[in-house]
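**Student:** Quick one, fold the following:
(chains A and B)
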There are 2 protein chains.
Amino acid sequence: MPVSPLAPAGFPQLPEIGGATFAATAAGVKYEGRKDVMLAVLTAGTSIAGVFTRSATRAAPVLDCQHKLSGDSNAPAAILVNAGNANAFTGKNGDGSVAALTAAVETTTGVPQSRVFTASTGVIGEPLPHDRITSKIATLHADQAPAAIADAAEAIMTTDTFAKGASAEVSINGQTVKIAGIAKGSGMIAPDMATMLVFIFTDAQIAQDDLQNVLSKLNTKTFNCITVDSDTSTSDTLLVAATGASGVDVTGNVAFDDALHNVMRDLAHQVVRDGEGATKFVEVQVTGAQSDTDARKVAMAIANSPLVKTAIAGEDANWGRVVMAVGKSGAAADRDRLSIRFGDITVAENGWRAPDYSEEAASIYMKNAELTLGVDLGIGSGESTVWTCDLTHGYITINADYRS
Amino acid sequence: MPVSPLAPAGFPQLPEIGGATFAATAAGVKYEGRKDVMLAVLTAGTSIAGVFTRSATRAAPVLDCQHKLSGDSNAPAAILVNAGNANAFTGKNGDGSVAALTAAVETTTGVPQSRVFTASTGVIGEPLPHDRITSKIATLHADQAPAAIADAAEAIMTTDTFAKGASAEVSINGQTVKIAGIAKGSGMIAPDMATMLVFIFTDAQIAQDDLQNVLSKLNTKTFNCITVDSDTSTSDTLLVAATGASGVDVTGNVAFDDALHNVMRDLAHQVVRDGEGATKFVEVQVTGAQSDTDARKVAMAIANSPLVKTAIAGEDANWGRVVMAVGKSGAAADRDRLSIRFGDITVAENGWRAPDYSEEAASIYMKNAELTLGVDLGIGSGESTVWTCDLTHGYITINADYRS
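**Tutor:** Model (predicted):
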């Protein structure tokens, strides 16, 4: 597949994070001739927080991660990730594979099994050939390096057309705290949460429960606000590891929270920009709803509507389909108070086409690769912003052939 | 567009319904060179029942129909329908168009305005050029004929690739009651209810409230169980007119209810068979759920999943995506009790690929144009059956270009 037209110019230069090292290699889990497994090793005392898919058919590694996340520990930690096979819906064998992987990491690296987190992405329902991965743990251990995070970003890709990274540095009391994150998409992207794997590393010092609180709060404004196709993975995993190597305590620090927020939003946007077949990046802004919850319902109904998304693909300013999506969302709405904007162009207001609406101007606007679609319900102060992409022939091509 | 490969062999021979006459003509509302408006005139005392979209942005004719439906009347009735413009999100002007249309029918035919029901389908947000329709009412009145229901079925089509009709005859105490119905789809098809217009006529005798009860009950098992793309129209309208011309009282008659059920299910299936771009007709059967409501959640999550629908389009027995859809549905599920069938082939059971599963056999099955996808949750007795189609390049082609 060609690289998404919405991709950034290139993979960013990510800062090295004290206390975190990385390695990636080709284990041949499914793909041939590319890196498909990565191992991150984290210094003793690292705090690990996470958010996960809420799917009722969660994959074995997700259940294992959820079980292991809680409280502080003085032990080192590790994150082992493979692409090509999700180890999902693999029954008791799936649990066995996770146990085999984490035991192998303990044996080779000394990180206790209870602090080894795994994630797997790829096909569902196939047994994970975990021997192919365990046979590479020694190599992954020997190759550990602070700068290898870029290799890790490549190793976790599936149908992604570009590797995703983002970083921030924040100065706190004259000292610098660094954050670097990587992510993969790009099918099954939907709220609750977006289907993907995200790993963020920082040298900040913060207790596990404080880090978890910050992460959960920021997640509702970032990864839970993106959707490509409304489908939700069995494997969504977002882990944040704070090594403490900077010696800077960031507990309750707004600047740190903002920096982490920026990294998370940046990665979330990159996931949408690499949505399968995407040619347009769309921000949906809903205001004036009866509540934030209602605003989110409307925003997601618009962002997930196949008819809205195909109209955007066709560069058609078909705001009637936006009206349809508002109507079906289940949120309180008054047809005669509704207004709709495409960019700065008001296309509809007061339940009717805007008097000075120009279809020509709207059509020109729709040719942009980055679009803003605004809906004001005019009945309250609830608001929500979500991000999505268009629905194109590329999505069909990728997904009608992905597994066979 | 070519006719759907899932279309019936041809339009069925529909019986004439005593007390009901029809006419259709070309009014040029939007389309050129084809019939786009139809008028049905119904004898005095006809009972009219209806179900409608629950969209919060319902179109003007829907609101008008809902207002007019209630109780019995000794007056005649009429149904006027146009294709090409939905008269939706047209503000106060939309209400004005409905008033103009219904007044014109009263003037020409003598049917009181309070008994003239209208429906409009097509583009949202454009003013309805209702003069083009009112100028044809005299012709539509003059042409009324019992056999013209087939013309009416053609006149209401939008992106439909075939006209949809179904009928039944039922013998009650030695007398025959007839039912004939027509429908149009085929985009924005989703529950609550499917996006479409359906008009069913019978010579049965039944009070309005009894007819409404039967219709509402049957609707939950037919039109509310189909989905093409999860989008819900602002204009969904299903009207049933019982003229009473047979003189046979069908109140509480199970044979009549069954016959009406069959006609409704047949038309609902035809709508799916003409889903935009459809190449596969899929029945999703969910059993063993904690409740019928949960079963429906699972069935609709599967039927609406873009990843499931594209896999079906690709003839890929990708049951992992079915697991994903079960997991995201929000229904109670136990991964280790779940089983999945494609036709008669058990692909997964007990949270794991079935021991004797053959991907080859499943792949051969997926080549069929009509597929059954069964999920048993294994935790209760709730069940639900819904119908959908695949998601193909054809859907994208139609919807990225429909309006421009």
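
**Student:** which non-adjacent residue is nearest A:Ile17?
**Tutor:** A:Phe201 (4.5 Å; C-beta to C-beta, 6 or more residues apart in numbering or on different chains). Every residue, glycine included, has its C-beta placed from N, CA and C.

**Student:** Regarding that neighbour, what is its secondary structure?
**Tutor:** strand (DSSP: H, G, I helix; E, B strand; the rest coil).

**Student:** again with A:Ser55
**Tutor:** Classified using three-state DSSP, A:Ser55 is coil.

**Student:** How about the contacts made by it?
**Tutor:** A:Thr232, A:Ser233, A:Thr234, A:Asp236, B:Met324, B:Gly327, B:Lys328 (C-beta atoms under 8 Å, 6 or more residues apart in numbering or on different chains).

**Student:** what's the distance between the fifth one and A:Lys164?
**Tutor:** By that I understand B:Met324. For B:Met324, the distance to A:Lys164 (C-beta to C-beta, to the nearest Å) stands at 22 Å.

**Student:** These two: who's more crowded?
**Tutor:** Ranked by neighbour count (other C-beta atoms under 10 Å in any protein chain shown), B:Met324 and A:Lys164 place B:Met324 first, with 31 against 28.

**Student:** ok, now which ones touch the residue nearest to A:Ile17?
**Tutor:** A:Ile17, A:Ala20, A:Ala40, A:Leu42, A:Ile149, A:Ile179, A:Ala180, A:Gly181, A:Val240, A:Ala241, A:Thr243.

**Student:** pretty sure the third one contacts A:Ile79?
**Tutor:** This means A:Ala40. Yes - look at A:Ala40 against A:Ile79 with C-beta atoms under 8 Å: they come within range, at 4.4 Å.

**Student:** out of the contacts of A:Phe201, which are buried?
**Tutor:** A:Ile17, A:Ala20, A:Ala40, A:Leu42, A:Ile149, A:Ile179, A:Ala180, A:Gly181, A:Val240, A:Ala241, A:Thr243 (16 or more other C-beta atoms under 10 Å in any protein chain shown).

**Student:** what's downstream of the helix or strand hosting A:Ser171, the next helix or strand?
**Tutor:** Assigned by DSSP states H and E, A:Ser171 belongs to strand A:164-172. Sequence order places strand A:175-184 as the next helix or strand after strand A:164-172, per DSSP H and E.

**Student:** about what we covered before: okay, and which of the contacts of A:Phe201 map to helices?
**Tutor:** A:Ile149 (DSSP state H).

**Student:** Can you tell me which of the contacts of A:Phe201 is nearest chain B?
**Tutor:** Minimum distance to chain B across the contacts of A:Phe201 is 23.9 Å, recorded for A:Val240 (C-beta to the nearest C-beta).

**Student:** Read off the pLDDT value for A:Val228.
**Tutor:** On pLDDT, A:Val228 comes in at 69.

**Student:** so where's the stretch 201-350 of chain A uncertain?
**Tutor:** In the predicted model of the stretch 201-350 of chain A, residues A:228-232 satisfy pLDDT under 70.

**Student:** quick one: the helices in chain A?
**Tutor:** Going by DSSP H, chain A shows helices at A:60-68, A:91-109, A:130-134, A:137-142, A:149-155, A:208-219, A:254-273, A:292-304, A:306-313, A:319-328, A:359-365, A:393-399.

**Student:** Now do the same contact list for A:Ile79.
**Tutor:** A:Leu39, A:Ala40, A:Leu42, A:Val116, A:Phe117, A:Thr118, A:Ala119, A:Phe199, A:Leu239, A:Ala241.

**Student:** Highest neighbour count among these?
**Tutor:** A:Leu39 (31 neighbours).

**Student:** What residues are bridge-paired with that residue?
**Tutor:** A:Ala23, A:Leu80 (DSSP bridges).

**Student:** Closest residue of the stretch 51-200 of chain A to chain B?
**Tutor:** For the stretch 51-200 of chain A, C-beta to the nearest C-beta, closest residue to chain B: A:Ile124, 2.7 Å.

**Student:** if I read this right, that residue contacts B:Gly320, doesn't it?
**Tutor:** Yes - at 2.7 Å, A:Ile124 counts as touching B:Gly320 under the criterion of C-beta under 8 Å.

**Student:** Please report how far A:Ala163 lies from B:Met366.
**Tutor:** Taking C-beta to C-beta, one finds A:Ala163 at 34 Å from B:Met366.

**Student:** what do you get for A:Asp95?
**Tutor:** Applying C-beta to C-beta to A:Asp95 and B:Met366 gives a distance of 30 Å.

**Student:** List the residues that contact the residue of chain A most remote from its centre.
**Tutor:** Distance from the centre of chain A peaks at A:Pro355, with 40.4 Å (C-alpha atoms, centre = their mean). By C-beta under 8 Å, 6+ apart, the contact list for A:Pro355 is empty.

**Student:** And it, what's its pLDDT?
**Tutor:** 87.

**Student:** residues in contact with A:Glu383?
**Tutor:** A:Gln285, A:Val286, A:Thr287, A:Gly288, A:Ala289, A:Asp292, A:Ala295.

**Student:** Contacts only, for the fifth one.
**Tutor:** Which is A:Ala289. A:Ala295, A:Val298, A:Ala331, A:Ala332, A:Leu377, A:Ile379, A:Gly380, A:Ser381, A:Gly382, A:Glu383, A:Ser384.

**Student:** now do the first one
**Tutor:** The neighbours of A:Gln285, taking C-beta under 8 Å, 6+ apart as the test, are A:Ala299, A:Thr372, A:Leu373, A:Gly374, A:Val375, A:Glu383, A:Thr385.

**Student:** now swap in the fourth one and tell me
**Tutor:** Applying C-beta under 8 Å, 6+ apart, one finds that A:Gly288 lies in contact with A:Arg337, A:Asp376, A:Leu377, A:Gly378, A:Ile379, A:Gly380, A:Ser381, A:Gly382, A:Glu383.

**Student:** What about the residues you listed, which are in strands?
**Tutor:** A:Asp376, A:Gly382, A:Glu383 (DSSP state E).

**Student:** And the last one, how far from A:Ala303?
**Tutor:** With the distance defined as C-beta to C-beta, A:Glu383 ends up 15 Å from A:Ala303.

**Student:** Can I get stretch A:63-72 in PDB? Just the C-alpha atoms.
**Tutor:** What follows is stretch A:63-72, C-alpha atoms only, in PDB (Å, rounded to 0.1, in the frame of the first residue of the first chain):
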ATOM      1  CA  LEU A  63      -6.500  -9.500  30.200                       C
ATOM      2  CA  ASP A  64      -2.900 -10.200  31.400                       C
ATOM      3  CA  CYS A  65      -1.900  -6.600  31.200                       C
ATOM      4  CA  GLN A  66      -5.000  -5.500  33.100                       C
ATOM      5  CA  HIS A  67      -4.300  -8.100  35.800                       C
ATOM      6  CA  LYS A  68      -0.700  -6.800  36.200                       C
ATOM      7  CA  LEU A  69      -1.400  -3.100  36.400                       C
ATOM      8  CA  SER A  70      -1.600  -1.800  39.900                       C
ATOM      9  CA  GLY A  71       0.500  -0.100  42.500                       C
ATOM     10  CA  ASP A  72       4.100   0.800  42.600                       C
END
